[in-house]
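Q: Sequence plus predicted model, see below.
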Amino acid sequence: MSTKTLVVYYSYEGSTRAIAQTIAQALDAEILECRPVKDISSKGLMKYVWGGRQVIFKTRPQLETFEKNPGNYDTVIIGTPVWAFSYAPAIRSFLSQANLTNKKIGVFCCHEGTKGKTLANLKKGLSDNTIIGENDFLNVVKNKQENITKAKTWASNLKDKITEAGK
Ligand SMILES: Cc1cc2nc3c(=O)[nH]c(=O)nc-3n(C[C@H](O)[C@H](O)[C@H](O)COP(=O)(O)O)c2cc1C
């Protein structure tokens with residue numbers, strides 16, 4: 001039986017988008033970007049201040065209306081940049097809006113060396129689902145090709161898990 005897969009991501013500066021697009025293409029999956037109606041707009045050090053603040057206060061920024069309904073997919077792959085050692089606020093919004101249950105889930109993050117509890121925290125918010133894989137991508141801007149290759153390899157590994165005991 002065929003299964004439907006959705007890759008959901010938030011990206012502030014493009015790294016998570018690049019990895020999400022690679023995975024979606026490799027899995028022949030659909031893709032959904034979480035776009036805050038009003039995102040942080042800072043550059044330089046101030047982006048860490050405003051972004052970090054949102055993580056600490058567990059802010060859930062309002063997202064633009066989803067073009068796809070995550071509930072309609074058997075498998076959902078979720079990607080986030082690491083913000084203040086955790087997942088980005090837009091993904092917090094996604095989790096509470098989509099309220100996923102009984103899905104096969106893959107999680108990944110992009111970071112610059114300190115991912116902290118990002119994936120553990122993300123999985124905590126997905127406890128009514130089956131986690132089929134997790135991965136992290138370090139310094140995507142600096143090591144683009146290496147990370148794209150890593151994403152393709154991971155996707156082919158996920159493919160087996162998506163189809164096994166398939167729905
Ligand atoms: C607000 C903010 C907080 C960040 N906090 C961390 C962090 O705690 N650890 C880390 O390794 N990188 C951190 N970063 C760097 C990003 O995780 C990294 O550059 C990531 O690849 C960006 O993904 P994106 O291009 O999809 O937005 C932070 C970046 C921002 C904007």
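A: Sure, I can see it. These numbers were taken from a predicted model, which means no experiment stands behind them. Residues are numbered from 1 along each chain as shown.
Q: Point out the other helices and strands that the helix or strand hosting Ser156 packs with.
A: Assigned by DSSP states H and E, Ser156 belongs to helix 144-163. With contacts taken as 3 or more CB pairs under 8 Å, 6 or more residues apart in numbering; DSSP states H and E, helix 144-163 sits against helix 15-27, strand 104-111, strand 130-138. (Each C-beta comes from the backbone N, C-alpha and C, glycine too.)
Q: Can you pull out the low-pLDDT segments for this protein?
A: Residue ranges of the chain with pLDDT under 70: 1-2, 165-167.
Q: where does it come near the ligand, residue by residue?
A: With the criterion set to CB under 6 Å from any ligand atom, the chain comes near the ligand through 11-17, 47-48, 51-52, 81-85, 110-115, 140.
Q: now the helix holding Ser156 against strand 130-138, angle please.
A: Helix 144-163 and strand 130-138 are oriented at 180 degrees to each other (axes from the mean of the first three to the mean of the last three CA atoms, to 10 degrees).
Q: For the closest residue to the ligand within the chain, give its distance to Val82.
A: Nearest residue of the chain to the ligand (CB to the nearest ligand atom) works out as Gly51 at 2.3 Å. Distance, Gly51 to Val82, using CB to CB, to the nearest Å: 10 Å.
Q: what do the two both touch?
A: Contact criterion CB atoms under 8 Å, 6 or more residues apart in numbering; residues shared by Gly51 and Val82: Ala88.
Q: Quick test: name the residue nearest the centre of this structure.
A: For the chain, the residue nearest the mean C-alpha position is Gly79 (1.3 Å; CA atoms, centre = their mean).
Q: Quick check: that one touching Thr118?
A: No: because the distance of 10.9 Å does not satisfy CB atoms under 8 Å, Gly79 is recorded as not touching Thr118.
Q: Could you tell me which residues touch both of those two?
A: In contact with both Gly79 and Thr118: Cys109, using CB under 8 Å, 6+ apart.
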